[in-house]
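K.L.:
structure for this input, please:
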Amino acid sequence: MLEEGECFGHPSLIGKTSPHVDVVAAEDTLIYQVPGDSFDRLMPVPEFAQFFLVDLSERLRQTSASRPLPLGRELGTPVGRQLGATPVSVPCETTVGDAARLMREKRISSVLVECEPPGILTARDLRSRVLAEGRGPETKVGEVATRPMRTISADATLFETLVFMLEHHLHHAPLERDGHVIGIVTDTDLLRLYMKTPMVETMVWGGLTAAQVGPVASRLNDALVARFLRIAESELGPPPVPYAWILFGSEGRMEQTLLTDQDNAIVYADAEGAHDACFKDLAERTVRALMAAAFPPCPGGFMATNWRRPLSSWVALFREWVEKPEPRALVEALNFFDFRAVHGALDLAVLDDLLLRAGREQLFMAHFARALRAGGEVTNHIRLEHLEPVERQHLTHIFVAIREIQHAAQLRYAVQGLA
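P.N.:
Below you'll find the predicted structure:
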């Protein structure tokens, strides 16, 4: 965290390397830019060189004095052994002005607040809960701190800590042992880890399985999708009715590792009035943003630009897929039945209930079993008459699911026979 009067960018100019981080201003900031060629011409001047080299030396000293960042296999070691600055605490009656000055003095981005229950005050809280709300520096920290705070065991692995912070959208994770907070891990700590080696590569070298890597990559992409949606909402205005943005496919199953194509849809609440046009604009903006972020469109068109409808329509569609699993219905059902919502306030419990009941529908099971027995004829029928331009890979998904469902049905009938 840089303060007034400090510099950035010069380590890259001195070392002739590309920048490793982006610098983001938390408030209105006056910045003086020195062009690179001017910087090089001035470096022979002793006073100029000494100013920047002393600053760089101090940064290197602070880095070497800190504990080494975990890499590779250390992802599975307890986070308390690897990261976590010693926490600084303030009484509940401390003013936010005093807390801010203490954070600046200690060069930290949070303080623990000794209240009941205990809390945490971060630099983000000072911006959003104090400055943005027009509160003064005399405000008590107990009034604006996050209480109770979420903590994680200091014995949790770094991987578990990463998932914890992603799932709860935290920038600071207090580490707890024996009922006491002994350290705080920040998203900056994790960013420094990422900058040393790509996150997915780090997790793979750390011995983590695909089942462990997938949820982390998926949560990161969830955050990106939610961010794009919030930007679109700010530009278009609040949605006219509650809605949910859903993902399916590998994203829905949280099996994603690197980039994948888009599989998304919109479910919006039933209400009087025509709302599809509003959600059409929202879908188009978000899908374009994801494409710009290197998420290619789904070749089969399974995206919110094509798939958006009110909740009652989705309910009817789910029921139709289960009750009349025609070849085309199999394709659509296999795409959507592993959905999960990543943004929006609409409750989708009714769709979850339909999926649970589908597994107990004998007619539904029979259609899948019949499709399996039909073999190649059904495969050709789906591909030629119903899948264009859907990718051939969807066939694999369908018949893998058919075999799994048939196997489950055989086990079920065998158990019933034994009973």
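K.L.:
could you measure from residue 183 over to residue 320?
P.N.:
Noted for residue 183: a distance of 54 Å to residue 320, by Cβ to Cβ, to the nearest Å. Using the backbone N, CA and C atoms, a C-beta is placed for each residue, glycine as well.
K.L.:
that should have said residue 154, apologies.
P.N.:
Separation of residue 154 from residue 320 (Cβ to Cβ): 52 Å.
K.L.:
the two: which is more packed in?
P.N.:
residue 154 (21 against 14; other Cβ atoms under 10 Å).
K.L.:
specify the local secondary structure of the closest residue to that one other than its chain neighbours.
P.N.:
Of all residues not flanking residue 154 in the chain, residue 80 sits nearest, at 3.2 Å (Cβ to Cβ, 6 or more residues apart in numbering). With DSSP: H, G, I helix; E, B strand; the rest coil as the basis, residue 80 sits in helix.
K.L.:
neighbours of residue 80, how many?
P.N.:
Neighbour number of residue 80 under other Cβ under 10 Å is 20.
K.L.:
can you give me the end-to-end distance of stretch 247-261?
P.N.:
Stretch 247-261 has an end-to-end distance of 11 Å (criterion: Cα to Cα, to the nearest Å).
K.L.:
show residues contacting that stretch.
P.N.:
If you take Cβ atoms under 8 Å, 6 or more residues apart in numbering as the criterion, stretch 247-261 is touched by 200, 210-211, 213-215, 217-219, 221-222, 225, 246, 263-265, 294-299, 302, 335-340, 342.
K.L.:
mark which of these are buried, thanks.
P.N.:
With burial judged by 16 or more other Cβ atoms under 10 Å, the buried subset of the contacts of stretch 247-261 is 200, 213-215, 217-219, 221-222, 225, 246, 263-265, 295, 298, 302, 335-340, 342.
K.L.:
now, these that are in strands?
P.N.:
With strands taken from DSSP state E, the overlap with the buried ones among the contacts of stretch 247-261 comprises 246, 264-265, 340, 342.
K.L.:
just give me the closest of the residues you listed to residue 238.
P.N.:
Distance to residue 238 across these (Cβ to Cβ) is lowest for residue 342, with 18.4 Å.
K.L.:
what separates the residue lying closest to that closest one once chain neighbours are set aside from residue 336, distance-wise?
P.N.:
Distances taken as Cβ to Cβ, 6+ apart put residue 222 closest to residue 342, at 4.6 Å, once the chain neighbours are dropped. For residue 222, the distance to residue 336 (Cβ to Cβ) stands at 18 Å.
K.L.:
cool, residue 146 as well?
P.N.:
To residue 336, residue 146 is 37 Å away according to Cβ to Cβ.
K.L.:
just residue 123 next, same as before
P.N.:
42 Å.
K.L.:
please apply the same query to residue 227.
P.N.:
Going from residue 227 to residue 336 by Cβ to Cβ gives 24 Å.
K.L.:
how about residue 97?
P.N.:
In this view, residue 97 and residue 336 are 53 Å apart by Cβ to Cβ.
K.L.:
same thing with residue 360?
P.N.:
From residue 360 to residue 336 the distance is 19 Å (Cβ to Cβ).
K.L.:
just residue 22 next, same as before
P.N.:
37 Å.
K.L.:
over to residue 278?
P.N.:
Using Cβ to Cβ, we find residue 278 at a distance of 22 Å from residue 336.
K.L.:
now residue 344
P.N.:
Distance from residue 344 to residue 336, by Cβ to Cβ: 16 Å.
K.L.:
check the residue nearest to residue 342 and give its pLDDT.
P.N.:
Predicted confidence (pLDDT) for residue 222: 84.
K.L.:
swap in residue 307?
P.N.:
Value listed for residue 307 in the pLDDT field: 94.
K.L.:
isn't it up against residue 267?
P.N.:
No. The pair residue 307 / residue 267 is not scored as a contact, 9.3 Å apart, by Cβ atoms under 8 Å.
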